[in-house]
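Asker: here you go, sequence then predicted model.
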Amino acid sequence: MLPCEKAHWTLIPAIRREFAKVYIEEIGLSQKEAAKRLCISEAAISHYVKGKRGNTSVLNKKTKKYIKKLARSGAKNGEKLICTTCKFAIKQNLC
């Protein structure tokens, strides 16, 4: 599997799930607002929150900490948040 395929199928869903978890459980956003920030549907957020998508065990502690920092920063450009985090994770040799 190519690194970009691995990122698409495993890393990005894990990153989205972690963002959803932080937004909803720690910051207290609604699923609608979390979906808006991540540029995905509310249904997708629901799947992430329920654990039906995104295996966060592929993320190391440093990446999870980075996601929390970005989520708490108030940034609202979901595509940029995901890309920034994915690049960070790749540098951590997660792919």
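Answerer: Here it is on my side, so go on.
Asker: what residues sit buried inside the helix or strand of the chain with the lowest mean pLDDT?
Answerer: Lowest by mean pLDDT, DSSP states H and E among the helices and strands of the chain is helix 3-6, with a mean of 72. Judged by neighbour count using 16 or more other CB atoms under 10 Å, helix 3-6 contains no buried positions. Every residue, glycine included, has its C-beta placed from N, CA and C.
Asker: residue for residue, what is the longest helix this structure has?
Answerer: As assigned by DSSP state H, the longest helix anywhere in the chain is helix 78-91.
Asker: what is that helix packed up against?
Answerer: helix 12-21, helix 31-38, helix 61-72 (3 or more CB pairs under 8 Å, 6 or more residues apart in numbering; DSSP states H and E).
Asker: so what touches that helix?
Answerer: 3, 7, 11-12, 15-16, 19, 36-40, 59, 63, 66-67, 70-71, 75, 95 (CB atoms under 8 Å, 6 or more residues apart in numbering).
Asker: tell me what angle that helix forms with helix 61-72.
Answerer: On the basis of axes from the mean of the first three to the mean of the last three CA atoms, to 10 degrees, helix 78-91 is oriented at 160 degrees to helix 61-72.
Asker: relative to the whole chain's centre, how far out is helix 78-91?
Answerer: 9 Å (CA atoms, centre = their mean, to the nearest Å).
Asker: cool, stretch 72-81 as well?
Answerer: 10 Å.
Asker: that older thread, for the helices and strands packed on helix 78-91, give me TSV that also has distance to N55 and mean pLDDT.
Answerer: Formatted as TSV, the helices and strands packed on helix 78-91 follow (distance: least, CB to CB, whole Å; pLDDT from 0 to 100):
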stretch	distance to N55	mean pLDDT
helix 12-21	6	94
helix 31-38	17	94
helix 61-72	13	92
